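> this one's sequence-less:
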């Protein structure tokens, strides 16, 4: 069972970047950056293969943007939380799309968790 540590984002804040350049940067959408499952549950997370936190975090946002569109116009981040299962570190994004639908995406961030 996961014990989630949540960072609730009260009033959605504008993110300075729309991450549109992330797919062209190291850590964005490099071949092999994403493996694993569909991201629809903690049993089937999208596995991010990054070597540092910045690349890994950018890859998470790029993955979401690649499927849901531009941040702050097509979707917004409502809640971002972290949990650990054994030696795996997972991150959960709760988002809301512009049509009001809510989605939850799970990422396995073990490869870069705690790395500068």
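Yes, it's here. A quick note: this is a predicted structure, and the numbers were derived from the prediction, not measured. Numbers count the residues shown, from 1 in each chain.
> And the residue nearest to the spatial centre of the chain, what's its pLDDT?
Centroid-nearest residue in the chain: residue 60, 3.4 Å away (criterion: CA atoms, centre = their mean). For residue 60, the pLDDT comes out at 94.
> From here on, call the first residue 28.
Yes, from this point I'll number from 28; that puts the last item at residue 87.
> is it true that it touches residue 133?
No. Here residue 87 does not reach residue 133: they are 10.5 Å apart, not a contact under CB atoms under 8 Å. C-beta: built from backbone N, CA, C; applies to glycine.
> any residues in contact with both of the two?
Listed as contacting both residue 87 and residue 133 by CB atoms under 8 Å, 6 or more residues apart in numbering are residue 118.
> thinking again about what came up before, tell me how many other residues crowd the closest residue to the residue nearest to the centre of the chain other than its chain neighbours.
Excluding the flanking residues, the one nearest residue 87 by CB to CB, 6 or more residues apart in numbering is residue 134, at 5.4 Å. Counted with other CB atoms under 10 Å, residues neighbouring residue 134 total 25.
> In a strand, residue 137, correct?
No. Under DSSP: H, G, I helix; E, B strand; the rest coil, residue 137 sits outside any strand and is assigned coil.
> So it versus residue 106, what's the distance?
21 Å (CB to CB, to the nearest Å).
> Likewise for residue 95?
To residue 106, residue 95 is 15 Å away according to CB to CB.
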